[in-house]
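**Q** Here's a sequence, model it:
(2 chains)
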Amino acid sequence: MDKYAHELQAGDSYEPLRFTVTPELNQQFLYAVEDFNPIFIEERDGSPPLVHPVLLMHMSPRTRSPSYRQAPGMGSAFASDSSIYLAPGYVGDTFEVRWRIVNTYPKRGKIYQEYVAEIRDSHGRIVLRRELASTFFSQVKIKPAGDAQL
Amino acid sequence: MSLPIDDLQPGDIRCSKFRKLTMARALALSGGPLDMPGWPDKNLHTDAEVARSTGLPDVVVSGTQWEGHLVGLLVETLGMDWFNGGSIQIKIPRSVRIGDSVRAKLRMDEFVDQGDRRLARMTVWCENKQGQEVMVGTAECAVSRAARGHDKVEQIESA
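**A** All right, here's what the predicted structure looks like:
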(Lines give C-alpha, C1' and ligand atoms only; values in the text may rest on other atoms or scores of the structure.)
Protein backbone atom coordinates (compact mmCIF):
# COMPACT_ATOMS: atom_id res chain seq x y z
CA MET A 1 0.00 0.00 0.00
CA ASP A 2 1.63 3.25 -1.10
CA LYS A 3 -1.09 5.77 -0.28
CA TYR A 4 -0.85 8.15 2.61
CA ALA A 5 -3.28 7.29 5.39
CA HIS A 6 -5.46 10.36 4.82
CA GLU A 7 -5.99 9.29 1.18
CA LEU A 8 -7.63 5.99 2.12
CA GLN A 9 -11.38 5.60 1.72
CA ALA A 10 -14.22 3.56 3.19
CA GLY A 11 -13.65 -0.12 2.48
CA ASP A 12 -9.87 0.17 2.55
CA SER A 13 -7.87 -1.67 5.20
CA TYR A 14 -4.56 -1.20 6.87
CA GLU A 15 -2.20 -4.17 7.03
CA PRO A 16 -2.68 -6.31 10.16
CA LEU A 17 -0.24 -6.25 13.06
CA ARG A 18 0.80 -9.21 15.20
CA PHE A 19 2.35 -8.67 18.59
CA THR A 20 3.22 -10.77 21.63
CA VAL A 21 2.65 -9.44 25.13
CA THR A 22 5.57 -10.30 27.38
CA PRO A 23 5.39 -9.71 31.15
CA GLU A 24 7.88 -6.87 30.67
CA LEU A 25 5.75 -5.15 28.04
CA ASN A 26 2.61 -5.51 30.15
CA GLN A 27 4.40 -4.11 33.20
CA GLN A 28 5.71 -1.19 31.14
CA PHE A 29 2.09 -0.21 30.48
CA LEU A 30 1.13 -0.77 34.13
CA TYR A 31 3.82 1.77 34.98
CA ALA A 32 2.49 4.13 32.31
CA VAL A 33 -0.94 4.26 33.92
CA GLU A 34 0.10 3.60 37.56
CA ASP A 35 -2.19 0.60 37.80
CA PHE A 36 -0.66 -2.26 39.76
CA ASN A 37 -3.80 -4.32 40.18
CA PRO A 38 -2.57 -7.89 40.93
CA ILE A 39 -4.70 -9.40 38.17
CA PHE A 40 -2.27 -7.84 35.69
CA ILE A 41 0.83 -9.11 37.50
CA GLU A 42 0.08 -12.47 39.10
CA GLU A 43 -1.18 -15.81 37.80
CA ARG A 44 -4.71 -16.64 38.90
CA ASP A 45 -6.31 -20.08 38.93
CA GLY A 46 -3.58 -21.44 36.69
CA SER A 47 -3.96 -18.68 34.10
CA PRO A 48 -1.31 -16.09 33.27
CA PRO A 49 -1.81 -12.47 34.30
CA LEU A 50 -4.26 -10.44 32.24
CA VAL A 51 -3.07 -7.99 29.63
CA HIS A 52 -3.95 -4.51 30.83
CA PRO A 53 -6.65 -2.95 28.62
CA VAL A 54 -4.49 0.11 28.04
CA LEU A 55 -1.95 -2.02 26.18
CA LEU A 56 -4.66 -3.38 23.89
CA MET A 57 -6.03 0.13 23.40
CA HIS A 58 -2.56 1.36 22.56
CA MET A 59 -2.15 -1.30 19.88
CA SER A 60 -5.52 -0.62 18.26
CA PRO A 61 -5.11 2.81 16.58
CA ARG A 62 -4.43 2.64 12.83
CA THR A 63 -1.02 4.24 13.41
CA ARG A 64 0.23 0.84 14.63
CA SER A 65 -0.32 -0.78 11.25
CA PRO A 66 2.83 -1.63 9.27
CA SER A 67 1.18 0.01 6.25
CA TYR A 68 0.26 3.27 7.98
CA ARG A 69 1.96 6.18 6.19
CA GLN A 70 1.42 9.72 7.35
CA ALA A 71 2.13 12.58 4.98
CA PRO A 72 5.04 14.85 6.00
CA GLY A 73 4.05 17.72 8.30
CA MET A 74 0.73 16.15 9.09
CA GLY A 75 -0.51 15.01 12.46
CA SER A 76 -3.32 12.74 13.48
CA ALA A 77 -5.43 12.91 16.60
CA PHE A 78 -7.97 10.73 18.27
CA ALA A 79 -11.53 12.11 18.26
CA SER A 80 -13.82 9.49 19.80
CA ASP A 81 -14.16 5.79 20.35
CA SER A 82 -16.57 3.06 21.29
CA SER A 83 -14.92 -0.06 22.68
CA ILE A 84 -16.21 -3.42 23.79
CA TYR A 85 -14.12 -5.94 25.71
CA LEU A 86 -15.22 -9.40 24.63
CA ALA A 87 -12.70 -11.75 26.25
CA PRO A 88 -9.72 -11.49 28.57
CA GLY A 89 -6.29 -11.38 26.93
CA TYR A 90 -3.43 -13.15 28.69
CA VAL A 91 0.22 -12.27 29.06
CA GLY A 92 2.40 -14.50 26.87
CA ASP A 93 -0.18 -14.71 24.09
CA THR A 94 0.22 -13.37 20.55
CA PHE A 95 -2.49 -11.05 19.25
CA GLU A 96 -3.47 -9.79 15.83
CA VAL A 97 -5.00 -6.39 15.07
CA ARG A 98 -7.04 -5.75 11.93
CA TRP A 99 -8.32 -2.37 10.76
CA ARG A 100 -11.07 -1.50 8.30
CA ILE A 101 -12.03 2.05 7.30
CA VAL A 102 -15.79 2.60 7.34
CA ASN A 103 -16.16 6.32 6.61
CA THR A 104 -14.16 9.44 5.77
CA TYR A 105 -15.30 13.06 5.65
CA PRO A 106 -13.94 16.61 5.96
CA LYS A 107 -14.98 18.84 8.86
CA ARG A 108 -13.62 22.17 10.11
CA GLY A 109 -10.40 21.95 8.13
CA LYS A 110 -9.61 18.40 9.14
CA ILE A 111 -10.13 15.02 7.57
CA TYR A 112 -12.03 12.58 9.76
CA GLN A 113 -11.55 8.87 9.32
CA GLU A 114 -13.80 6.35 11.05
CA TYR A 115 -12.58 2.79 11.29
CA VAL A 116 -13.06 -0.48 13.13
CA ALA A 117 -10.19 -2.17 14.93
CA GLU A 118 -10.43 -5.76 16.15
CA ILE A 119 -7.85 -7.53 18.27
CA ARG A 120 -7.92 -11.33 18.33
CA ASP A 121 -5.94 -13.68 20.53
CA SER A 122 -4.07 -16.76 19.28
CA HIS A 123 -7.30 -18.80 19.51
CA GLY A 124 -9.05 -16.40 17.15
CA ARG A 125 -11.25 -14.92 19.87
CA ILE A 126 -11.94 -11.20 19.61
CA VAL A 127 -10.74 -9.67 22.86
CA LEU A 128 -11.35 -6.03 21.94
CA ARG A 129 -13.44 -4.39 19.24
CA ARG A 130 -13.22 -0.63 18.79
CA GLU A 131 -15.03 1.81 16.55
CA LEU A 132 -12.75 4.82 16.34
CA ALA A 133 -12.81 8.26 14.78
CA SER A 134 -9.57 10.12 14.27
CA THR A 135 -8.57 13.27 12.45
CA PHE A 136 -5.72 14.34 10.24
CA PHE A 137 -4.50 17.90 10.63
CA SER A 138 -1.70 20.01 9.24
CA GLN A 139 -0.26 23.50 9.35
CA VAL A 140 -1.04 23.72 5.65
CA LYS A 141 -4.39 23.06 4.00
CA ILE A 142 -5.00 19.37 3.56
CA LYS A 143 -6.00 18.14 0.13
CA PRO A 144 -8.48 15.35 0.76
CA ALA A 145 -8.80 12.34 -1.49
CA GLY A 146 -11.77 12.00 -3.82
CA ASP A 147 -14.29 14.82 -4.09
CA ALA A 148 -14.32 15.81 -0.45
CA GLN A 149 -13.98 19.55 0.24
CA LEU A 150 -12.66 21.03 3.46
CA MET B 1 -14.76 -11.62 47.98
CA SER B 2 -17.12 -8.81 47.06
CA LEU B 3 -16.48 -6.17 44.45
CA PRO B 4 -17.14 -2.44 44.70
CA ILE B 5 -20.01 -2.88 42.22
CA ASP B 6 -21.87 -4.92 44.85
CA ASP B 7 -22.17 -1.85 47.07
CA LEU B 8 -22.85 0.82 44.46
CA GLN B 9 -26.30 2.38 44.25
CA PRO B 10 -27.67 4.59 41.47
CA GLY B 11 -26.26 8.07 42.00
CA ASP B 12 -23.09 6.88 43.72
CA ILE B 13 -19.81 8.21 42.38
CA ARG B 14 -16.54 6.35 42.52
CA CYS B 15 -13.16 7.79 41.58
CA SER B 16 -9.51 6.94 41.29
CA LYS B 17 -6.70 8.90 42.85
CA PHE B 18 -5.17 11.77 40.88
CA ARG B 19 -2.34 10.58 38.65
CA LYS B 20 0.29 12.96 37.33
CA LEU B 21 1.01 12.52 33.64
CA THR B 22 4.77 12.85 33.69
CA MET B 23 7.09 12.58 30.69
CA ALA B 24 8.40 9.29 32.11
CA ARG B 25 4.92 7.76 32.04
CA ALA B 26 4.19 9.25 28.60
CA LEU B 27 7.39 7.66 27.31
CA ALA B 28 6.40 4.32 28.85
CA LEU B 29 3.08 4.43 27.00
CA SER B 30 3.98 6.08 23.72
CA GLY B 31 7.72 5.47 23.32
CA GLY B 32 7.48 1.84 22.24
CA PRO B 33 8.87 -1.26 24.00
CA LEU B 34 11.79 -0.36 26.26
CA ASP B 35 14.05 -2.91 24.55
CA MET B 36 13.32 -1.53 21.07
CA PRO B 37 16.45 -0.30 19.27
CA GLY B 38 16.48 3.49 19.21
CA TRP B 39 13.92 3.81 22.01
CA PRO B 40 12.01 6.02 22.48
CA ASP B 41 9.99 6.39 19.35
CA LYS B 42 9.63 10.06 18.40
CA ASN B 43 6.03 11.11 17.95
CA LEU B 44 3.48 13.75 19.03
CA HIS B 45 3.30 12.22 22.50
CA THR B 46 7.02 11.94 23.19
CA ASP B 47 8.88 14.61 21.25
CA ALA B 48 8.27 18.39 21.26
CA GLU B 49 9.96 18.88 17.88
CA VAL B 50 7.69 16.36 16.19
CA ALA B 51 4.66 17.91 17.90
CA ARG B 52 5.64 21.41 16.71
CA SER B 53 6.19 20.19 13.17
CA THR B 54 2.48 19.43 13.00
CA GLY B 55 1.43 22.79 14.45
CA LEU B 56 0.95 21.74 18.05
CA PRO B 57 2.56 24.00 20.66
CA ASP B 58 4.10 21.10 22.57
CA VAL B 59 3.84 17.40 23.37
CA VAL B 60 0.29 16.27 24.10
CA VAL B 61 -0.33 13.22 26.22
CA SER B 62 -1.99 10.36 24.36
CA GLY B 63 -5.70 10.09 25.18
CA THR B 64 -5.13 6.36 25.57
CA GLN B 65 -3.16 7.16 28.70
CA TRP B 66 -6.04 8.54 30.70
CA GLU B 67 -8.59 6.31 29.03
CA GLY B 68 -6.38 3.63 30.58
CA HIS B 69 -7.03 5.23 33.98
CA LEU B 70 -10.73 5.11 33.29
CA VAL B 71 -10.81 1.47 32.18
CA GLY B 72 -8.59 0.57 35.14
CA LEU B 73 -11.25 2.06 37.44
CA LEU B 74 -13.95 0.05 35.64
CA VAL B 75 -11.96 -3.19 36.02
CA GLU B 76 -11.38 -2.46 39.69
CA THR B 77 -15.10 -1.78 40.15
CA LEU B 78 -16.55 -4.60 38.05
CA GLY B 79 -13.89 -7.34 38.17
CA MET B 80 -13.70 -10.02 35.48
CA ASP B 81 -17.18 -9.21 34.19
CA TRP B 82 -15.60 -6.21 32.47
CA PHE B 83 -13.71 -8.56 30.14
CA ASN B 84 -16.88 -10.31 29.03
CA GLY B 85 -18.82 -7.55 27.35
CA GLY B 86 -17.90 -4.36 29.17
CA SER B 87 -18.23 -1.41 26.81
CA ILE B 88 -17.25 2.24 26.88
CA GLN B 89 -17.90 5.22 24.60
CA ILE B 90 -15.78 8.31 25.11
CA LYS B 91 -14.83 11.68 23.67
CA ILE B 92 -12.01 14.02 24.56
CA PRO B 93 -13.19 17.62 25.03
CA ARG B 94 -9.72 19.02 25.84
CA SER B 95 -6.14 17.87 25.70
CA VAL B 96 -3.81 17.06 28.57
CA ARG B 97 -0.24 18.30 28.82
CA ILE B 98 2.78 16.80 30.44
CA GLY B 99 2.69 17.61 34.16
CA ASP B 100 -1.11 17.75 34.42
CA SER B 101 -2.85 15.50 36.94
CA VAL B 102 -5.99 13.61 36.05
CA ARG B 103 -8.38 11.34 37.88
CA ALA B 104 -11.02 8.96 36.55
CA LYS B 105 -14.59 8.93 37.85
CA LEU B 106 -17.77 6.98 37.32
CA ARG B 107 -21.34 7.58 38.38
CA MET B 108 -23.69 4.64 38.62
CA ASP B 109 -26.78 5.69 36.69
CA GLU B 110 -28.96 2.59 36.82
CA PHE B 111 -29.15 -1.17 37.00
CA VAL B 112 -31.29 -3.04 34.49
CA ASP B 113 -32.44 -6.52 35.50
CA GLN B 114 -31.38 -9.28 33.08
CA GLY B 115 -32.32 -12.42 34.99
CA ASP B 116 -29.19 -13.90 36.53
CA ARG B 117 -27.28 -10.73 35.64
CA ARG B 118 -27.89 -7.01 35.92
CA LEU B 119 -26.72 -4.42 33.44
CA ALA B 120 -24.86 -1.55 35.09
CA ARG B 121 -25.12 1.73 33.17
CA MET B 122 -22.64 4.43 34.13
CA THR B 123 -21.53 7.91 33.21
CA VAL B 124 -17.74 8.07 33.11
CA TRP B 125 -15.27 10.90 32.86
CA CYS B 126 -11.77 12.09 33.67
CA GLU B 127 -11.08 15.50 35.14
CA ASN B 128 -8.02 17.58 35.82
CA LYS B 129 -7.21 19.37 39.07
CA GLN B 130 -9.13 22.43 37.88
CA GLY B 131 -12.24 20.26 37.69
CA GLN B 132 -12.30 20.45 33.89
CA GLU B 133 -13.44 17.34 32.06
CA VAL B 134 -10.75 15.96 29.75
CA MET B 135 -12.68 12.81 28.82
CA VAL B 136 -16.43 12.22 28.88
CA GLY B 137 -18.55 9.21 28.07
CA THR B 138 -20.66 6.29 29.17
CA ALA B 139 -20.00 2.67 30.05
CA GLU B 140 -22.08 -0.49 30.43
CA CYS B 141 -21.37 -3.89 31.85
CA ALA B 142 -23.53 -6.92 32.63
CA VAL B 143 -22.67 -8.00 36.15
CA SER B 144 -22.99 -11.48 37.60
CA ARG B 145 -25.17 -11.70 40.69
CA ALA B 146 -22.34 -13.47 42.50
CA ALA B 147 -19.44 -11.29 41.38
CA ARG B 148 -16.01 -12.37 42.52
CA GLY B 149 -12.68 -10.63 42.45
CA HIS B 150 -10.56 -8.28 44.45
CA ASP B 151 -11.76 -4.96 45.72
CA LYS B 152 -9.73 -1.87 46.29
CA VAL B 153 -12.00 1.02 47.01
CA GLU B 154 -10.23 4.31 46.51
CA GLN B 155 -13.16 6.48 47.37
CA ILE B 156 -16.91 6.37 47.29
CA GLU B 157 -18.89 9.58 47.41
CA SER B 158 -22.61 9.97 47.76
CA ALA B 159 -24.02 11.97 44.91
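**Q** All the strands of chain A, residue numbers only.
**A** Remark: strands assigned in chain A by DSSP state E are A:13-20, A:74-85, A:94-107, A:110-120, A:126-138.
**Q** Could you save those as TSV and add columns showing mean neighbour count, mean pLDDT and distance to chain B?
**A** The way it works is simple: take the backbone N, C-alpha and C, and place the C-beta from them, glycine included. Below are the strands of chain A laid out as TSV (neighbours: other CB atoms under 10 Å in any protein chain shown; pLDDT from 0 to 100; distance: least, CB to the nearest CB, whole Å):
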stretch	mean neighbour count	mean pLDDT	distance to chain B
strand A:13-20	16	97	9
strand A:74-85	20	86	3
strand A:94-107	16	96	14
strand A:110-120	21	95	11
strand A:126-138	19	92	7
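**Q** Of the ones you listed, which is nearest B:Ala26?
**A** Set against B:Ala26 and scored by CB to CB, the strands of chain A come closest in strand A:74-85, at 14.7 Å.
**Q** helices or strands next to the closest one in the packing?
**A** Packing partners of strand A:74-85 (3 or more CB pairs under 8 Å, 6 or more residues apart in numbering or on different chains; DSSP states H and E): strand A:126-138, helix B:63-78, strand B:86-91.
**Q** buried residues in the last one?
**A** Pointing back at strand B:86-91 there. Of the residues in strand B:86-91, B:86-90 count as buried by neighbour count, 16 or more other CB atoms under 10 Å in any protein chain shown.
**Q** now the strands for chain B?
**A** So, for chain B - with DSSP E - the strands run B:13-15, B:19-20, B:86-91, B:101-114, B:117-128, B:133-144, B:156-157.
**Q** For those, please prepare JSON lines with the additional fields distance to chain A and mean pLDDT.
**A** Rendered in JSON lines, the data for those read as follows (distance: least, CB to the nearest CB, whole Å; pLDDT from 0 to 100):
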{"stretch": "strand B:13-15", "distance to chain A": "14", "mean pLDDT": "98"}
{"stretch": "strand B:19-20", "distance to chain A": "5", "mean pLDDT": "97"}
{"stretch": "strand B:86-91", "distance to chain A": "4", "mean pLDDT": "96"}
{"stretch": "strand B:101-114", "distance to chain A": "10", "mean pLDDT": "97"}
{"stretch": "strand B:117-128", "distance to chain A": "12", "mean pLDDT": "97"}
{"stretch": "strand B:133-144", "distance to chain A": "8", "mean pLDDT": "96"}
{"stretch": "strand B:156-157", "distance to chain A": "18", "mean pLDDT": "42"}
